[in-house]
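S.K.: Okay, predicted coordinates and the sequence, questions at the end:
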Amino acid sequence: MAHLLNVEGVTVAYGGRRVLDAVSLGLDDGMRVGVVGRNGDGKSTLLRVLARTQEPDAGRVTHTRGVRIGLLRQDDELGGGSGATVRHAVLGDRPDHVWAGDPVARDVVAGLLGDRSNDAGAGQVGGLDAPLAILSGGQRRRVALAALLSHAHDVLLLDEPTNHLDVEGVAWLATHLRSRWPAGRGALAVVTHDRWFLDAVCERTWEVHDGVVDSADGGYAAYVLARVERARIAATTEERRQNLVRKELAWLRRGAPARSSKPRFRLDAAAALIADEPDPRDSLELTRLATARLGKDVIDLEDVSLVVGEGEARRVLLDGVTWRLAPGERVGLVGVNGAGKTSLLRLLLGQVAATSGQVRRGRTVVAAMLTQEVRELDDVGHLRVGEAVERVRGVVRVGGRELTAGQLLERLGFARERIWTPVAELSGGERRRLQLLRLLIGEPNVLLLDEPTNDLDTDTLAAVEDTLDSWPGTLVVVSHDRYLLERVTDHQVALLGDGALRDLPGGVEQYLALRAAAMSSESSVASGRDRGPEGGEHRSPAPDAAAQRAARKEMARLERQLSRLTATEEKLHGAMAEQAGDNTALLALDGELRALHAEREALEQAWLVAAETGG
């Protein structure tokens, strides 16, 4: 295995604080590394040092001769004058027939720059001929990533590449990076807070903390296990040290200590710890509490349509949607950019009115929304962090106990000294945490979160999830972070851009399958054009409206059957737990469970077939 990059004894300090302290590590051919750590602990610095775009204060960085390195920074600036286009930024002066013959460049252009949502203003770039000058910050970020990936590199160093990518874009990037190099070739180091992406792409994890870099085999899940094991060992070591101190004191008082056996620990202690850990939240208890706070009625949409824009810019975001939110329901909302996810949240909150239909809210509903912006903190910019929280409420009940503002701040990762920092001086991630905390301490019973993971590191995300676990209320989350969606919500729904809101019994994987089927169908229609006998152009006929309505009814029927199967499956699991000592009963129940799984698979396949016609 060839060494590509190496750092020896590297130290980097900012204002007297060492973010890297005599760090030694390397990247070899075939390595796929995820870099994690708290905001400000040196992850970006480590990538810049590896790329030799930042000189360390001490130590040495070496590169293998001729190695080609690509670095994606968080602050990438795209060159070009006022007339520069996406094509020039990504492909330079390469003619179409040249870059189109390069499978890597072709994949990147299709995956990052193709206008999959038909809405260039909502995250997609809008094609190669779009001027750079009109692109938003998120769109420019996609172009910078495409410009890097469209060229050949032996090493890729990527700093937050998943920012501004939707669920579909993150899945594409993971697939691209897994297949970019032959097995055992190329190297990747990626800083990201997207934990699904870390597990999907990385085979090793570097944790940057307290000036050092700890290495663990595997992706995010393996890293968490290793971290738990390190904590257990540290606790055991401290316990032994305290025992020795007590024994020493006893010897000083009454003579030689008696011999005692030392505890023995199994190597799989971390796995045992996780196996004994209860479920992250008690869904039944939270639903009971939510019902007590909300009553039976939360927010109901009855045959609601929502239309925005006029003329050519007119778009139908919702078309006759009926949706009922229940007390304590936890829903993840996914969809293509521009499909109306944020608009749906604003509709639920009452900030926009439906074009037609009814929106009914329960009398006891107190809703709050975490937006993608943090400008609402501008009004408290002159206050210190603790004061900004106490202005909302000083004490709040979380998980059955009262917590002060300071305790909540510490729970969400604010060190004690940061509690006295002016809000105006906080980093992006700290402002995001404070924004969420001010919402939670206001004790809403309906919480709407729009891309809550922006600017948060993995430790903070875990703290946020832990806080949400004990929050009793109705939760709707819009996010491209699959890990978060699966962690804090119980089921997902999707907006696919056709005005319908679809249930996703199969979760995000089902959504991606639907999107792939839709894109394949669009491609088939486009490629089905040919010339008729008179030389006129012929298009394959699209499904008529009646067929689409019938298919959508069939989809709704199948979704109801899938929901009933889910309830039956839960009952079977409960019955198996009760009959744990009866092998005969367990075999019979296991047979029922297998039959149920087969029926579910058949229903899901039928649903996908109907979805191809129903959109």
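M.R.: Received, thanks.

S.K.: From the chain's centroid, how far away is whichever strand or helix holds residue 564?
M.R.: Element membership for residue 564 (DSSP states H and E) is helix 545-578. Averaging C-alpha positions (Cα atoms, centre = their mean, to the nearest Å) puts helix 545-578 27 Å from its chain's average.

S.K.: what packs against that helix?
M.R.: Under the contact definition 3 or more Cβ pairs under 8 Å, 6 or more residues apart in numbering; DSSP states H and E, helix 545-578 sits against strand 501-504, helix 583-614. No exception for glycine: its C-beta is placed from N, CA and C like everyone else's.

S.K.: now these in CSV, with distance to residue 36?
M.R.: Formatted as CSV, the helices and strands packed on helix 545-578 follow (distance: least, Cβ to Cβ, whole Å):
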stretch, distance to residue 36
strand 501-504, 29
helix 583-614, 34
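
S.K.: wouldn't residue 338 be in contact with residue 496 here?
M.R.: No: counting by Cβ atoms under 8 Å, residue 338 stays clear of residue 496, with 11.1 Å between them.

S.K.: which intervals of the stretch 101-250 of the chain have sub-threshold pLDDT?
M.R.: Low-confidence segments of the stretch 101-250 of the chain, defined by pLDDT under 70, span residues 115-126, 240-250.

S.K.: what about the strands in it?
M.R.: Ranges of strands within the stretch 101-250 of the chain are 155-159, 187-191, 204-209, 212-217, based on DSSP state E, counting those that start in this stretch.

S.K.: Go through the helices and strands packed on helix 545-578 and find the least confident stretch.
M.R.: When the helices and strands packed on helix 545-578 are ranked by mean pLDDT, helix 583-614 comes last with a mean of 74.

S.K.: How far does it sit from its chain's centre?
M.R.: Relative to its chain's centre, helix 583-614 lies at 29 Å (Cα atoms, centre = their mean).

S.K.: same for that helix, what does it pack against?
M.R.: With contacts taken as 3+ Cβ pairs under 8 Å, 6+ apart, helix 583-614 sits against helix 507-527, helix 545-578.

S.K.: relative to helix 545-578, how tilted is it?
M.R.: Here the directions of helix 583-614 and helix 545-578 differ by 160 degrees (axes from the mean of the first three to the mean of the last three Cα atoms, to 10 degrees).

S.K.: What about residue 461, how many residues nearby?
M.R.: Counted with other Cβ atoms under 10 Å, residues neighbouring residue 461 total 21.

S.K.: Quick check: buried residues in the helix or strand hosting it?
M.R.: Here residue 461 is covered by helix 458-469, with elements defined by DSSP H and E. When burial is assessed from 16 or more other Cβ atoms under 10 Å, helix 458-469 yields the following buried residues: 458-461, 463-469.

S.K.: again, but for stretch 213-229
M.R.: Within stretch 213-229, the residues scored as buried using 16+ other Cβ under 10 Å are 213-214, 216, 218-220, 222-229.

S.K.: What about those, which are in helices?
M.R.: Using DSSP state H, the members of the buried residues of stretch 213-229 that fall in helices are 220, 222-229.

S.K.: out of those residues, who's nearest residue 56?
M.R.: residue 223 (25.0 Å; Cβ to Cβ).

S.K.: Would you quantify the distance from the closest residue to the closest one other than its chain neighbours to residue 56?
M.R.: In this structure, residue 223 finds its nearest non-sequential neighbour in residue 205, 3.9 Å apart by Cβ to Cβ, 6 or more residues apart in numbering. Distance of residue 205 to residue 56, computed by Cβ to Cβ, to the nearest Å: 22 Å.

S.K.: Among those two, which residue is more densely surrounded?
M.R.: Using other Cβ under 10 Å as the criterion, residue 205 and residue 56 rank with residue 205 on top: 25 against 20.

S.K.: For the more buried one, list each beta-bridge partner.
M.R.: residue 34, residue 216 (DSSP bridges).

S.K.: so what's residue 474 up against?
M.R.: Residues counted as contacts of residue 474 (Cβ atoms under 8 Å, 6 or more residues apart in numbering) are 290, 294, 298-299, 325-330, 445-447.

S.K.: pretty sure the residue nearest to residue 223 is touching residue 215, no?
M.R.: Yes: here residue 205 lies in contact with residue 215, judged by Cβ under 8 Å, at a distance of 7.2 Å.

S.K.: hang on, the earlier thing: the buried residues of helix 458-469 into TSV, with extra columns for distance to residue 311?
M.R.: Shown next, in TSV, are the buried residues of helix 458-469 (distance: Cβ to Cβ, whole Å):
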residue	distance to residue 311
458	45
459	48
460	44
461	42
463	47
464	42
465	44
466	48
467	45
468	42
469	47
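
S.K.: Let's have the residues you listed in TSV, adding distance to residue 414 and pLDDT.
M.R.: Shown next, in TSV, are those (distance: Cβ to Cβ, whole Å; pLDDT from 0 to 100):
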residue	distance to residue 414	pLDDT
458	17	82
459	12	79
460	10	78
461	15	83
463	10	77
464	12	80
465	17	82
466	15	78
467	13	76
468	17	80
469	19	77
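
S.K.: any idea which of those residues is closest to residue 146?
M.R.: Each of the buried residues of helix 458-469 was checked against residue 146 using Cβ to Cβ; the closest is residue 458, at 25.8 Å.

S.K.: My understanding was that that closest one contacts residue 191; is that so?
M.R.: No: using Cβ under 8 Å, residue 458 is not in contact with residue 191; the gap is 10.5 Å.

S.K.: Next, show the common contact partners of these two.
M.R.: Counting by Cβ under 8 Å, 6+ apart, the residues touching both residue 458 and residue 191 are residue 36.

S.K.: For residue 222, list the residues it contacts.
M.R.: 205, 216.

S.K.: Distance-wise, check it relative to residue 360.
M.R.: Per Cβ to Cβ, residue 222 is found 47 Å from residue 360.

S.K.: out of the helices and strands packed on helix 545-578, deepest packed?
M.R.: Of all the helices and strands packed on helix 545-578, strand 501-504 has the most neighbours on average by mean count of other Cβ atoms under 10 Å, namely a mean of 21.

S.K.: okay, the ones in helices among the buried residues of stretch 213-229 in TSV with distance to residue 582 next?
M.R.: Listed next are these as TSV, based on distance: Cβ to Cβ, whole Å:
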residue	distance to residue 582
220	39
222	37
223	40
224	36
225	34
226	39
227	40
228	35
229	37
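
S.K.: of those, closest to residue 18?
M.R.: Nearest to residue 18 out of these is residue 227 (Cβ to Cβ; 21.6 Å).

S.K.: could you list every residue that touches the closest one?
M.R.: By Cβ under 8 Å, 6+ apart, the residues touching residue 227 are 207, 216.

S.K.: and with 6 Å instead?
M.R.: Contacts for residue 227 (Cβ atoms under 6 Å, 6 or more residues apart in numbering) come out as none.

S.K.: Likewise for residue 460?
M.R.: residue 413.

S.K.: CSV for the strands of the stretch 101-250 of the chain, including distance to residue 587?
M.R.: Below are the strands of the stretch 101-250 of the chain laid out as CSV (distance: least, Cβ to Cβ, whole Å):
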stretch, distance to residue 587
strand 155-159, 50
strand 187-191, 46
strand 204-209, 41
strand 212-217, 38
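
S.K.: For the stretch 51-200 of the chain, which segments are assigned as helices?
M.R.: For the stretch 51-200 of the chain, the helices defined by DSSP state H, counting those that start in this stretch cover 86-91, 96-99, 103-108, 137-149, 167-179, 195-201.

S.K.: Send over the shortest one as CSV, restricted to the C-alpha atoms.
M.R.: Once side chains and other backbone atoms are set aside, the C-alpha atoms of helix 96-99 remain, and they are given as CSV (Å, rounded to 0.1, in the frame of the first residue of the first chain):
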residue,chain,number,x,y,z
ASP,A,96,-18.3,19.0,-25.1
HIS,A,97,-17.1,15.9,-27.0
VAL,A,98,-14.0,15.8,-24.7
TRP,A,99,-15.6,16.0,-21.3
